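*Asks:* Let me see the structure of the following:
(one chain, ligands or ions: 1)
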Amino acid sequence: MPFLFRKTEIEGVMIVEPKIFGDERGYFYETYKRSEFSKNGISADLDQDNQSFSKKGVLRGLHFQREPYAQGKLVRAITGKIFDVAVDIREDSKTFGRYVSAILSGENKIMLWIPEGFAHGFLALEDSIVHYKATHEYNKTSEGGIIWNDPDINIEWPMDPETISEKDMAWPTLREFRANKYIK
Ligand SMILES: Cc1cn([C@H]2C[C@H](O)[C@@H](COP(=O)(O)OP(=O)(O)O[C@H]3O[C@H](C)C(=O)[C@H](O)[C@H]3O)O2)c(=O)[nH]c1=O
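*Replies:* Got it, this is the predicted structure:
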């Protein structure tokens with residue numbers, strides 16, 4: 001079994017633990033396998049790969065793309081350590097506005113699967129290189145965001161962020177986002 005899939009407290013969000021093959025040279029492991037992921041209900045249509053480097057203390061997010069460009073994401077830290085967060089913004093979800101967090105690191109090699117309909121962000125607990133696969137390609141005009149310290153979501157970040165982009169500081173709260181969505 002090359003992967004162990006574990007459910008989380010939010011329907012659809014999965015922790016994925018790869019099987020690491022270590023030997024005297026180092027290690028090898030599969031980071032994605034269409035057949036295994038599809039069997040476990042994870043989309044096979046991963047259209048884009050991303051990689052970003054974040055210095056310790058950088059917070060990126062909380063981002064999403066609106067339909068029909070909503071992105072499911074398979075996130076992992078290649079090096080360093082991040083506090084990864086997925087916020088359920090699926091209007092009809094019983095866990096709307098709730099979040100799941102996971103520590104992803106080069107050391108633990110754990111991946112987080114985040115389905116479409118979530119806002120995603122992370123805080124770099126160390127200098128970190130993050131790689132993620134996404135189910136739709138980047139579509140700038142459909143980009144949206146929620147402010148990282150939304151009081152209703154109340155994410156318990158493990159440390160205060162040191163660097164947040166101007167764009168990320170300007171996102172609305174989830175409550176404001178929902179209200180604006182219904183203003184025609
Ligand atoms: C996301 C993206 C960005 N870009 C360009 C646009 C900007 O000129 C530059 C930096 O983009 P941005 O500041 O949005 O990068 P992040 O803050 O890391 O955004 C990501 O952060 C959180 C954690 C996510 O989950 C999203 O995938 C993504 O929004 O890369 C592209 O060319 N393609 C892309 O797919």
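
*Asks:* what number of residues lie near residue 23?
*Replies:* Using other C-beta atoms under 10 Å, residue 23 has 7 neighbouring residues. Bear in mind the C-beta positions are built from the backbone N, C-alpha and C, glycine included.

*Asks:* Which residues does it form beta bridges with?
*Replies:* residue 26 (DSSP bridges).

*Asks:* now residue 32: how far from residue 105?
*Replies:* In this view, residue 32 and residue 105 are 18 Å apart by C-beta to C-beta, to the nearest Å.

*Asks:* How about the contacts made by the residue nearest to residue 145 when sequence neighbours are not counted?
*Replies:* Once flanking residues are discounted, residue 145 sits nearest to residue 171: 3.7 Å by C-beta to C-beta, 6 or more residues apart in numbering. Going by C-beta atoms under 8 Å, 6 or more residues apart in numbering, residue 171 touches 62, 144, 145, 146, 147, 148, 177.

*Asks:* With residue 66 instead?
*Replies:* 142, 143, 144.

*Asks:* Let me know the closest of these to the ligand.
*Replies:* residue 143 (6.7 Å; C-beta to the nearest ligand atom).

*Asks:* Could you pull up the contacting residues of the closest one?
*Replies:* Here residue 143 is in contact with 63, 64, 65, 66 (criterion: C-beta under 8 Å, 6+ apart).

*Asks:* Go back to those and keep what's next to the ligand.
*Replies:* residue 63 (C-beta under 6 Å from any ligand atom).

*Asks:* Sort out which of the contacts of residue 143 are buried, if you could.
*Replies:* 63, 64, 65 (16 or more other C-beta atoms under 10 Å).

*Asks:* Dump the contacts of residue 66 to JSON lines, plus distance to the ligand.
*Replies:* JSON lines is the format used below for the contacts of residue 66 (distance: C-beta to the nearest ligand atom, whole Å):
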{"residue": "142", "distance to the ligand": "11"}
{"residue": "143", "distance to the ligand": "7"}
{"residue": "144", "distance to the ligand": "10"}
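
*Asks:* Can I get those residues in JSON lines including pLDDT, secondary structure and distance to residue 49?
*Replies:* Below are these laid out as JSON lines (pLDDT from 0 to 100; DSSP: H, G, I helix; E, B strand; the rest coil; distance: C-beta to C-beta, whole Å):
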{"residue": "142", "pLDDT": "95", "secondary structure": "helix", "distance to residue 49": "19"}
{"residue": "143", "pLDDT": "96", "secondary structure": "strand", "distance to residue 49": "18"}
{"residue": "144", "pLDDT": "96", "secondary structure": "strand", "distance to residue 49": "22"}
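
*Asks:* ok, so of these, who is nearest residue 152?
*Replies:* residue 144 (16.5 Å; C-beta to C-beta).
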